[in-house]
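Chemist: Pasting the sequence and the predicted coordinates here, then a few questions.
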Amino acid sequence: MLGLQIDMPETGGIILASDAIYSAESFGPPVKPPGIIYDLIGYRNTVEKIRTLAARTNSQVWFGHDADQFSSLRKSTEGYYE
């Protein structure tokens, strides 16, 4: 999995979780793995690692497949982030 943590001057920290965490529901708490996960322990460890990074860097987590979250984010046609 690939992910990215960035610090934006106005928005603050953002973690682009991509496929590591599909949605806010998967992120929890409690962690709720999507149905296609093969390694449940590894998935839970990954979510907790991202949760820890988010807390340490005061970052938002942007999920890879969360339609509700996506609809709440500013798109390129609506402006830009810093």
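Modeler: Nice, thanks for sending it over. Source: prediction; values computed, not measured.
Chemist: biggest helix in this structure by residues?
Modeler: Longest helix of the chain, by residue count under DSSP state H: helix 40-57.
Chemist: what does that helix rub up against?
Modeler: 1, 3, 5, 7, 13, 15, 17, 20-21, 26-28, 31, 33, 37, 59-61 (Cβ atoms under 8 Å, 6 or more residues apart in numbering). Backbone N, C-alpha and C define where each C-beta goes, glycine included.
Chemist: switch to 7 Å and redo it
Modeler: With Cβ atoms under 7 Å, 6 or more residues apart in numbering as the test, helix 40-57 has contacts from Q5, G13, I15, A17, A20, I21, F27, V31, P33, I37, V61.
Chemist: Note down every partner strand of the following helix or strand past it and its orientation.
Modeler: Moving toward the C-terminus from helix 40-57, the next helix or strand (DSSP states H and E) is strand 59-63. Strand 59-63 sits in its sheet next to strand 12-18 (parallel), going by DSSP bridges.
Chemist: If anything else comes up later, I'll come back, but that's it for now.
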